[in-house]
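A.B. asks: Need the 3D shape of this:
(one chain, ligands or ions: 1)
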Amino acid sequence: MIQLRFLKSPLLSSSNILSNFSPKPRTGTLLPHPVTKFKPLSQMDSYSTTTTSSSSSSSSKLLFRQLFEKESSTYTYLLADVNHPDKPALLIDPVDKTVDRDLNVIKELGLKLVYAMNTHVHADHVTGTGLIKSKVPGVKSIISKASGSKADLHVEHGDKVSFGDLFLEVRATPGHTLGCVTYVSGEGPDQPQPRMAFTGDALLIRGCGRTDFQIFTLPKDTLIYPAHDYKGFTVSTVGEEIQYNPRLTKDEETFKSIMENLNLSYPKMIDIAVPANLVCGMQDLASKA
Ligand SMILES: N[C@@H](CCC(=O)N[C@@H](CSS)C(=O)NCC(=O)O)C(=O)O
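C.D. replies: Residues are numbered from 1 along each chain as shown. Below you'll find the predicted structure:
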């Protein structure tokens, strides 16, 4: 097993996709409550050898839905604290084409959407964030500061995004894009167990999108929920990917060679998606609403 934590430089320079959408860093905004700072990575759990595994959250508070957009094979995740009187909810990586479906589920379940978040500036679809904001006043968009994208709130490694009594930690996982982050469910007695990691395109199931691998420092039973799957997988675990990911079980040189020879086609939507996603989908909304 290779030490994967800081592989990003050689991979970044070899990525055609990235070179098309690695924006200049912007100055971030201050994060109002409830997006707050949490303890630094150095004080977090180190690698865990726990082997307990479960396919669903044991928390009675968390409502969780995995939603799929088939044209771009994108997963959108709905999370809510249903024990909280407001039932606050958030969406991770919404897609413009499925916004009505997602908002309908939220309405049917009696949830209050507070955040529409992105793991990164996507190249293969337009985020649903802008459309959601136009349809649900008060919803705040969130993306990383390092993404260079506009949003209501910019997060950085170490920030915490709260919804009711639940929260997500923000972990910088650059590689696929400079601003990629993974949102990891919180740690603590009231937080879902096992933990859940929303990895965007950094770590896919049995694949990856050119990445930094601190995700593998999470406990082995952490559930992996990627932004895409092209083979029909829905969920994995850190332990499973450490053992079976065909790219990440190789030594560093082999890994680099695999990634440099993926020969992925130019994403069909990239020229539309990246400019739109750099403004968090706030472009040209009149024609879509
Ligand atoms: N053909 C699709 C895009 C497929 C692709 O390139 N996926 C990305 C994540 S979305 S930018 C990726 O990194 N895939 C890694 C892999 O191993 O598949 C399109 O045209 O949109």
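A.B. asks: can we go C-alpha only for contacts and neighbour counts from here?
C.D. replies: Fine.
A.B. asks: And the residue of the stretch 101-250 of the chain that's closest to the ligand?
C.D. replies: residue 209 (3.7 Å; CA to the nearest ligand atom).
A.B. asks: Distance of residue 90 relative to residue 164?
C.D. replies: Computed as CA to CA, to the nearest Å, the residue 90 to residue 164 distance reads 11 Å.
A.B. asks: Also residue 239?
C.D. replies: Residue 239 sits 29 Å away from residue 164, taking CA to CA as the criterion.
A.B. asks: If you count surrounding residues, which of these two has more?
C.D. replies: residue 239 (22 against 18; other CA atoms under 10 Å).
A.B. asks: The more buried one: which element?
C.D. replies: Here residue 239 sits within helix 238-244, counting by DSSP states H and E.
A.B. asks: Skip ahead from that helix and say which helix or strand is next.
C.D. replies: Next along from helix 238-244, by DSSP H and E: helix 252-260.
A.B. asks: Work out the gap between that following helix and the centre of the chain.
C.D. replies: Centroid separation for helix 252-260 versus its chain: 24 Å, with CA atoms, centre = their mean, to the nearest Å.
A.B. asks: and if you look at stretch 97-108?
C.D. replies: That offset, for stretch 97-108, works out to 19 Å (CA atoms, centre = their mean).
A.B. asks: pLDDT averaged over it - what is it?
C.D. replies: Regarding stretch 97-108, the rounded mean pLDDT is 98.
A.B. asks: which bits of this protein sit near the ligand?
C.D. replies: 72, 123, 124, 201, 207, 208, 209, 264, 265, 267, 268 (CA under 6 Å from any ligand atom).
A.B. asks: Phi, psi for the nearest residue to the last one once chain neighbours are set aside please.
C.D. replies: Think residue 268. Once flanking residues are discounted, residue 268 sits nearest to residue 124: 6.6 Å by CA to CA, 6 or more residues apart in numbering. Backbone torsions for residue 124, taken as degrees, to the nearest 10, come to phi -110, psi 0.
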